[in-house]
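Undergrad: model this:
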Amino acid sequence: MRYMMLIYTKEKEEGAASTEERAEVIERHRALMDETGRRGILGGAEPLAPTTAATTVRFDGSRMVLTDGPFAETREQLAGYYILECRDIDEAVEWASKIPTACGGATGCVEIRPLRWLGARWEEKRPDRT
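TA: Modelled structure (predicted):
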C-alpha cells in the first residue's frame, strides 16, 4: 500500500536554525531518499515552497474563486511530503520516524495517510512489491 508522509512545520519559527543545522537536515532527507530509493519503495519526495507562495482554489456555486495563500490558518504548515510503498501501517510508521521534521529550526510532525486507489485500472498495472 502507498502511504503519503505529510511533513508539517511552523513557518513563523523558520530561520532559527544555523546554516550547519539546515545542512544537516537536508543531508538526513537525502540519505532517507537514497535508502528508500535503493529499496524500491520511494514514490516521491519534495519540499514545498512556503504558504506565501500558495494559491487556493474554491468554488462558490458555479464560479471559481482564487485566494492567495493557504486555505486555512493553522499553527503548522505543510512543508513537504514523501510517498512510500509500505507493507502495512507499522512499516509506514517506521519510515515516518526517520523523516527529519526540524525544517528551518522549527519542530514539526509527520502525518501518515494511506493513498486510495482510483479504480481497478491502477491495481491491474501495479507492480507487486517483493
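Undergrad: Geometric centre of the chain: which residue is closest?
TA: In the chain, the residue lying closest to the centroid (C-alpha atoms, centre = their mean) is Tyr81, at 1.3 Å.
Undergrad: Tell me who's in contact with that residue.
TA: Met4, Met5, Leu6, Ile7, Gly44, Ala45, Glu46, Leu48 (C-beta atoms under 8 Å, 6 or more residues apart in numbering). From N, CA and C alone the C-beta is placed, and that goes for glycine too.
Undergrad: Which of those residues sits closest to Asp34?
TA: Ala45 (10.6 Å; C-beta to C-beta).
Undergrad: my guess is the closest one meets Lys98, correct?
TA: No. Using C-beta atoms under 8 Å, Ala45 is not in contact with Lys98; the gap is 12.0 Å.
Undergrad: shared neighbours of those two, which are they?
TA: With C-beta under 8 Å, 6+ apart as the test, Ala45 and Lys98 both reach Leu32.
Undergrad: So these two - more neighbours on which side?
TA: Ala45 (19 against 15; other C-beta atoms under 10 Å).
Undergrad: element containing that one?
TA: In this assignment (DSSP states H and E), Ala45 forms part of strand 42-47.
Undergrad: any idea how far Val65 is from the residue nearest to the centre of the chain?
TA: 26 Å (C-beta to C-beta, to the nearest Å).
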